[in-house]
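Participant: Okay, sequence plus prediction incoming.
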Amino acid sequence: MAKLETLLIHEGEEFNNTKSVVSPIYQTSTYFVSENIAEFAQSTSTVKYPEFYHRHGNPTSSQAAAVIAALEKTEDALILSTGMAAISTAILAVMKAGDHIVAQHTHYAATKTFLKDFLSEYGVEVTQVDQTDNNAIRESIKPNTKLIYIETPSNPNLEITDLEFVGRLGKEKGIITMIDNTFASPINQVPSEFGIDVIIHSATKYLGGHSDLTAGAVCSSKEIIAKVWKRSLLLGASLSPFDSWLLLRGLKTLALRVRQINENALALAKWLEKQSLIEKVGYVGLESHPQHELAKKQMKGFTGMLVIEIAGENAFERAQIILNSLEVFANAVSLGGVESLIAHPASMWGSNQTEEQKRKSGITDGTLRISVGIEHIDDLIADFNQAISKIQS
């Protein structure tokens, strides 16, 4: 099998049936299949058939999916229009009324809303537990538990879930295990190696990598992907041909980008840890992280995401000064791009979460989430240094 950097360039080239080195954009909604009725009928029912109708499949999307499946070491993958489309479609494909899900306290805010509010309206029960407590996960399982849904490192506070434990527990109990692997990326973490059944990505983030598209990916066995694909036909969250092409282009540099981001993030985290105005730095690559040893066990790199807590009773005002003073870091949502971003989670998600939910997720008024990019590390540190100095002066 080709090395990772090679498969990022060449995996799925069988879907490019032209002589073009760069795969073309198949900008069409429908295809001339055949005058043979039997062949036409087969095209309508074949999972992810790439040349029938765009909602069913597209050659460019098929190639991007092949690359991501190879990265995650799964049999197959499906590309959808957003990360939330991937999350919701994958969950709805394996759940029905009366089923039960074990989830975490700390999830991406829209995921948490989907789990607690949307699914409850359709008769699906959800129990949220402390993801750092393996016993809590095990003890939450009920006779009707059909899914364990995890996210590690978690958004935004970077807590770690024990992948080996969850994968083994799922196999032991006959429960599907599903993970949002967005924060790590498959360069840093391959959950299938620990027995996790379904891997989800917001491909908007690291996989695309240039903040110019929204996309989602679901990776799993052919059997589960077929179920997700059938559900997607009804929900209709197809990724456009152009965005599929952008995603495929972004994937080619994924390994290079993530490794530089990892290096920058660790250096910035170490610097921030020494600053008196920063009460806490949450980064899984730091020895001070309470789950650093577990992170080393299941991750190949420590991602570009970190979270900091501003010190002092007036943490909100200090956080606002830092946000307003930064020049290289943009105060913007999303993550995983080549540019460095910073956001205030309590403001982003405040309207969707109660104070108790924010507390369980580790979100305070002084919390800042940082997505480190590929800029020179000296410039990133200098930018934070001048922003912090505005408070000190």
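Facilitator: Perfect, I can see it now. Computed from a prediction, not measured in an experiment: that's the story for all the values here.
Participant: other SSEs contacting the helix or strand where Phe384 lies?
Facilitator: Following DSSP states H and E, the helix or strand that holds Phe384 is helix 377-392. Secondary-structure packing of helix 377-392 (3 or more CB pairs under 8 Å, 6 or more residues apart in numbering; DSSP states H and E): helix 254-273, helix 315-325. Every C-beta, even on glycine, is put in place using the N, C-alpha and C of the backbone.
Participant: chain center to the shortest one, what's the gap?
Facilitator: What it means is helix 315-325. Taking CA atoms, centre = their mean, to the nearest Å, one finds the center of helix 315-325 at 27 Å from the center of the full chain.
Participant: domains of this protein?
Facilitator: Per automatic domain parsing, the domain ranges recorded for the chain read 4-251, 255-392.
Participant: Let me have those in CSV, extended by mean pLDDT and mean neighbour count.
Facilitator: Below are these laid out as CSV (pLDDT from 0 to 100; neighbours: other CB atoms under 10 Å):
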stretch, mean pLDDT, mean neighbour count
domain 4-251, 96, 20
domain 255-392, 92, 18
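Participant: which residues touch the helix holding Phe384?
Facilitator: Helix 377-392 has contacts (CB atoms under 8 Å, 6 or more residues apart in numbering) with 263-264, 267-268, 271-272, 275, 277-278, 318, 321-322, 325-329, 340, 372-373.
Participant: at 10 Å instead, please
Facilitator: With CB atoms under 10 Å, 6 or more residues apart in numbering as the test, helix 377-392 has contacts from 260, 263-268, 270-272, 275-278, 308, 310-312, 314, 317-319, 321-329, 340, 342, 370, 372-376.
Participant: which SS class is Leu368?
Facilitator: Secondary structure, DSSP: H, G, I helix; E, B strand; the rest coil: Leu368 is strand.
Participant: Could you measure from it over to Lys96?
Facilitator: Noted for Leu368: a distance of 40 Å to Lys96, by CB to CB, to the nearest Å.
Participant: Could you dump the helices and strands packed on helix 377-392 into a markdown table and include distance to Leu163?
Facilitator: Shown next, in a markdown table, are these (distance: least, CB to CB, whole Å):
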| stretch | distance to Leu163 |
| --- | --- |
| helix 254-273 | 18 |
| helix 315-325 | 32 |
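Participant: Just the angle for the helix holding Phe384 relative to helix 315-325, thanks.
Facilitator: If you take axes from the mean of the first three to the mean of the last three CA atoms, to 10 degrees, helix 377-392 sits at 130 degrees to helix 315-325.
Participant: Helix 377-392: how far from the chain's middle?
Facilitator: Here helix 377-392 is found 29 Å from its chain centre; the criterion is CA atoms, centre = their mean.
Participant: With just CA atoms, put that helix into PDB.
Facilitator: The C-alpha trace of helix 377-392 is given here as PDB (Å, rounded to 0.1, in the frame of the first residue of the first chain):
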ATOM      1  CA  ILE A 377       5.500  30.700  14.600                       C
ATOM      2  CA  ASP A 378       7.600  33.800  15.400                       C
ATOM      3  CA  ASP A 379       4.800  36.000  14.000                       C
ATOM      4  CA  LEU A 380       2.100  34.100  15.800                       C
ATOM      5  CA  ILE A 381       3.900  34.500  19.200                       C
ATOM      6  CA  ALA A 382       4.600  38.100  18.500                       C
ATOM      7  CA  ASP A 383       1.000  38.800  17.700                       C
ATOM      8  CA  PHE A 384      -0.200  37.300  21.000                       C
ATOM      9  CA  ASN A 385       2.600  39.100  22.900                       C
ATOM     10  CA  GLN A 386       1.500  42.500  21.600                       C
ATOM     11  CA  ALA A 387      -2.100  41.700  22.300                       C
ATOM     12  CA  ILE A 388      -1.400  40.600  25.900                       C
ATOM     13  CA  SER A 389       0.800  43.700  26.500                       C
ATOM     14  CA  LYS A 390      -2.400  45.800  25.900                       C
ATOM     15  CA  ILE A 391      -3.800  44.400  29.100                       C
ATOM     16  CA  GLN A 392      -0.500  44.700  31.100                       C
END
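Participant: tilt between that helix and helix 254-273?
Facilitator: Using the same axes, to 10 degrees: helix 377-392 against helix 254-273 is 30 degrees.
Participant: what's the closest of the helices and strands packed on helix 377-392 to Val190?
Facilitator: helix 254-273 (12.9 Å; CB to CB).
Participant: what's the next secondary structure element after that closest one?
Facilitator: strand 278-282.
Participant: Give the other helices and strands that the helix or strand just after that next one contacts.
Facilitator: Next helix or strand after strand 278-282 toward the C-terminus (DSSP H and E): helix 292-298. On a contact count with 3 or more CB pairs under 10 Å, 6 or more residues apart in numbering; DSSP states H and E, helix 292-298 meets helix 163-173.
Participant: which secondary structure elements does the helix it packs on contact?
Facilitator: On a contact count with 3+ CB pairs under 10 Å, 6+ apart, helix 163-173 meets strand 100-104, helix 134-139, strand 145-151, strand 176-180, helix 292-298.
Participant: ok, residues contacting the second one?
Facilitator: The list of residues contacting helix 134-139 from outside it, by CB under 10 Å, 6+ apart, reads 102-105, 127-131, 133, 148, 150, 161-162, 164-166, 169, 172-173.
Participant: Show me how far it is from its chain's centre.
Facilitator: 24 Å.
Participant: okay, it in PDB with CA atoms only?
Facilitator: Extracted C-alpha coordinates of helix 134-139, given in PDB (Å, rounded to 0.1, in the frame of the first residue of the first chain):
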ATOM      1  CA  ASN A 134     -14.800   5.000  31.100                       C
ATOM      2  CA  ASN A 135     -17.000   3.600  33.900                       C
ATOM      3  CA  ALA A 136     -19.600   6.300  33.200                       C
ATOM      4  CA  ILE A 137     -19.800   5.300  29.600                       C
ATOM      5  CA  ARG A 138     -20.200   1.700  30.400                       C
ATOM      6  CA  GLU A 139     -22.800   2.300  33.100                       C
END
